[in-house]
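>>> no sequence on hand, only this structure:
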C-alpha cells in the first residue's frame, strides 16, 4: 500500500511540476534580457523576397543587436519592453545563424529562407498524416530536412495575443510529420520538390470550428450583414464568456465499475474498484491518463473511496475551453478487443463538481465519433450511473458504423467542467491563434474549412471574403495568397435533382475565388467519402493546392485547375455551357456517359439531363424540359459526377441560376 501511495504522490508532483513549467513558459515575456516569440526558434523558415521582421522583448532601455546572413541592426527596447528590427528581403537559402545580443546572447540556429505558408481551418486541415490514406508508406518517407513544421497550440482569446503558447519549429522527419496536417505536408512537399527551396508551414487549425471563430472582429463589425454572427456571442452566459479565457475548477471521483449481465438473475462482473490501490481492470487491462491535453488537471487514486474504504479514481484541477481531460479504461493491456455480448452495459459511481461523458471504444471507430452517452452532471453525493449499451449513440459527424459489442477495446470518461462544452467566442481563435503570427511574413494561406458552416452557406459568401480581407489587413499584405479547399463529396447521393447545403457552401467558395483577387481553389468533389466527413485521401488535396500555387504564384506553364463555369447560351431545347481551365481538353472520367447535369425551365423544377462534350463546351438537354433556362452540375451533397479535363482535374460543381436555396435568400 505504501508503494501505491508513493506512486500516487509522484504523479501529483510530476503534474504540478509540469503545470509550473507551463506557467513559467507562459510568463516568459515578463523576464529580463532578450526574449523571443515562439515563431523565432531553431529550424525556423523566413519568407524569401519579403522584408524580414524580427522582434521580441527585453528590459526597457536595453540595447539589442540582431545579426542574420551578413546583416546587422541595433535597437533599444521601449518603455513597454518591445524591440524589433527589419532586414531587407533575402533570397532562398540557408542554414543561417540568427544572433540576438542584449544583456545576454541568444543564438537561433539552422534558420532557412524560403516559402512560408499558414495552414488553417477545421478538422480536415488538422487531419494527421499518420491517418491519411497511404500513411504506411508516406510517413516513413517524410524525411525532408528543408521542410519545417510549426503547430500553433490551441488557444481561445478575447483580445490580440503577442505570442502563442509554448511551441517551436521542427524539421520534417517521420516522427514530426506523422501528427502534422496531412494536407499541409503534401502541399509543402510538392512546393519543395518543384521550387527546390526550403518550405515552412504553420498549422493553426482546430477541429469542429466555424469560420466566424477565425475572422477578425473588425471585419464582422464592418459588415451589417454579418452583425447576426456577433449577436450570437452576445447571448452567451457570463460564465461562458468568462470560460473563454479563464480555466474553471474540476473535481470528479469515480468508483466501483462493473459489467451488468444481459441474463436476468446473473451476477454483475467487477471491472475495477481500486480497493487495492491500483488502477487495474479485472479483464486484464488498466486505467490510463495523459496530462498532455490538460496539464493543470490531475489523476490520482484517493482514499477513502465509496463506502468509506478503499480508493476511488479522482480527476481534479482546472480546465479551460481548449483542454480535454480523459480517463481511459483498456480492457486488455495490449489494447485488444474483448467480447461483451453477454453483458447489457456498464455501471459505476461518481461524485464531485463537474460534468462527464462515457465513450465506448471499438477498433472500427477511428475518427473519435464513438458510441457515447450524452453529457452527464455529477453531484456532491455518490450517485450510480448505468450505461446501457443499447442506448449509446454516435454524434453523427463521423462515419456511421454498427456497434461492435463483440469487439470492444475499452471506454473513456471525458471529464468536463460544469459548463460542459462551452462555445468558442466569435473571433476567439483569430485572437488566440492568428494574431501571434501577424508580425511575420507569409507567402499565403491554405484554408480547409466549411463543414461547420454548411447550414449557413449563404452567409459564408460574406464570411470567407471577410476572413481573407481581415487577415490581409492585419498582415499589411494585400497580396497574401489564399488557396481554398472546396468541400468534397459527403453525405447522400441524390436520386433526383434537389437542393443541397453542401453544394451551396461549395458555391460560396467558388464565388470567393471568382471575385476576390489572389485566391485559388482545389476542387475535391471526387476524393471525398459519402460516409466519412473526414476523407482519408489527403494526397490529392495537397497536390491540387500545390498545382494552383505552381501555376499562378510560381508561374509554371501548367494547367493548375479543373474546369470552372464561365457562361451559358440557350439554343432552343439545349443549353451550351462554356468552361475555363479546360486544359488539354474536356473528358468523361473513366468513359461512359457524362453524369451530374440537370436542367430546369421557367417552373424551376430540375430534371436530370443528357450531356455531351463539344470541344471546350458541354451541351445539356432533357426531354422533360423543352425550354430550359438553367443548368446545374454536381449539385448535391455527394453527387455522381465525372467531368474532368485531360490533365486529371475535376470540374467544380456550379449552377447558372440564382434562385433561393435552403441556406438563405439569394
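Arrived safely, thanks for sending. Predicted model, so just to flag it, every value in this text is computed and none were measured.

>>> CA only for contacts and neighbour counts going forward, please
Noted.

>>> list the neighbours of stretch 626-637 that are in contact with it.
By C-alpha atoms under 8 Å, 6 or more residues apart in numbering, the surrounding residues in contact with stretch 626-637 are 489-494, 497-503, 570, 572-575, 596-602, 620-621, 640-641, 652-657.

>>> buried subset of those residues?
For the contacts of stretch 626-637, a burial check counting by 16 or more other C-alpha atoms under 10 Å picks out 489-491, 494, 497, 499-503, 574-575, 596-601, 620-621, 640-641, 652-656.

>>> taking those residues one by one, which sit in strands?
Among the buried ones among the contacts of stretch 626-637, the ones falling in strands (DSSP state E) are 574, 575, 597, 598, 599, 600, 620, 621, 654, 655.

>>> which residue packs closest to the fourth one, ignoring adjacent ones?
With C-alpha to C-alpha, 6 or more residues apart in numbering as the measure, residue 608 is the residue that lies nearest to residue 598, at 4.3 Å, once sequence neighbours are left out.

>>> do the same with the third one
Using C-alpha to C-alpha, 6+ apart and skipping residues adjacent in sequence, the residue nearest residue 597 is residue 633, 4.5 Å away.

>>> what about residue 222, neighbour count?
11 (other C-alpha atoms under 10 Å).

>>> would you list every one of the helices in the chain?
Under the criterion DSSP state H, the chain contains helices at 2-26, 123-126, 135-138, 174-177, 182-195, 217-222, 227-234, 238-243, 428-429, 457-475, 501-515, 539-552.

>>> return the most buried member of those.
Of all the helices of the chain, helix 428-429 has the most neighbours on average by mean count of other C-alpha atoms under 10 Å, namely a mean of 27.

>>> quick check: mean pLDDT of that helix?
Here helix 428-429 scores 96 as its mean pLDDT.

>>> show me what it is packed against.
Using 3 or more C-alpha pairs under 8 Å, 6 or more residues apart in numbering; DSSP states H and E as the contact test, no helix or strand touches helix 428-429.

>>> what's in contact with it?
With C-alpha under 8 Å, 6+ apart as the criterion, helix 428-429 contacts 155, 156, 157, 158, 159, 213, 214, 244.

>>> gap between the fourth one and residue 646?
So that's residue 158. Here the criterion is C-alpha to C-alpha, to the nearest Å. By it, residue 158 lies 49 Å from residue 646.

>>> rewinding a little: tell me which two of the ones in strands among the buried ones among the contacts of stretch 626-637 sit farthest apart.
Maximum pairwise distance among those (C-alpha to C-alpha): 17.5 Å, between 574 and 654.

>>> before we move on, back to that, show the buried residues in the contacts of helix 428-429.
If we count by 16+ other C-alpha under 10 Å, the contacts of helix 428-429 have these buried: 155, 156, 157, 158, 213, 214, 244.

>>> list the contacts of the third one.
In this case it means residue 157. Shown in contact with residue 157 (C-alpha under 8 Å, 6+ apart): 244, 245, 428, 429, 431, 432.

>>> now do residue 551 against residue 49, distance only.
The spacing between residue 551 and residue 49, counted by C-alpha to C-alpha, is 19 Å.

>>> pipe the helices of the chain into CSV and attach distance to residue 560 per row.
Listed next are the helices of the chain as CSV, based on distance: least, C-alpha to C-alpha, whole Å:
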stretch, distance to residue 560
helix 2-26, 43
helix 123-126, 21
helix 135-138, 24
helix 174-177, 26
helix 182-195, 13
helix 217-222, 31
helix 227-234, 35
helix 238-243, 44
helix 428-429, 31
helix 457-475, 21
helix 501-515, 14
helix 539-552, 5
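
>>> and of these, who's closest to residue 306?
Closest approach to residue 306 among the helices of the chain (C-alpha to C-alpha): helix 2-26, 18.1 Å.

>>> mean confidence for that closest one?
35.

>>> what does stretch 281-300 give?
Mean per-residue pLDDT for stretch 281-300: 90.

>>> quick one: buried residues of it?
Buried residues in stretch 281-300, counted by 16+ other C-alpha under 10 Å: 281, 285, 286, 287, 291, 294, 295, 296, 297, 298, 299, 300.

>>> then stretch 261-272?
Using 16+ other C-alpha under 10 Å as the test for burial, stretch 261-272 gives 261, 270, 271, 272.

>>> any idea which of the contacts of residue 157 is closest to residue 616?
Of the contacts of residue 157, the one sitting nearest to residue 616 (C-alpha to C-alpha) turns out to be residue 429, at 43.6 Å.

>>> in strands only, show me the buried residues of stretch 261-272.
Per DSSP E, the buried residues of stretch 261-272 map to strands at 261, 270, 271, 272.

>>> surely the third one touches residue 282?
Think residue 271. Yes. With contacts counted by C-alpha atoms under 8 Å, residue 271 reaches residue 282, the gap being 5.0 Å.

>>> any residues touching stretch 591-603, and which ones?
Residues outside stretch 591-603 that contact it (C-alpha under 8 Å, 6+ apart) are 497, 588, 606-612, 620-622, 625-635, 639-643.

>>> burial measure for residue 374, as a count.
13.

>>> pull the contacting residues for residue 511.
Shown in contact with residue 511 (C-alpha under 8 Å, 6+ apart): residue 461.

>>> distance of it relative to residue 607?
Residue 511 is 24 Å from residue 607, by C-alpha to C-alpha.

>>> ends of stretch 431-439, how far apart?
When the termini of stretch 431-439 are compared using C-alpha to C-alpha, they are 14 Å apart.

>>> kindly report the same for stretch 42-60.
Using C-alpha to C-alpha, the end-to-end distance of stretch 42-60 comes to 26 Å.

>>> that stretch: how far from the chain's middle?
Taking C-alpha atoms, centre = their mean, to the nearest Å, one finds the center of stretch 42-60 at 26 Å from the center of the full chain.
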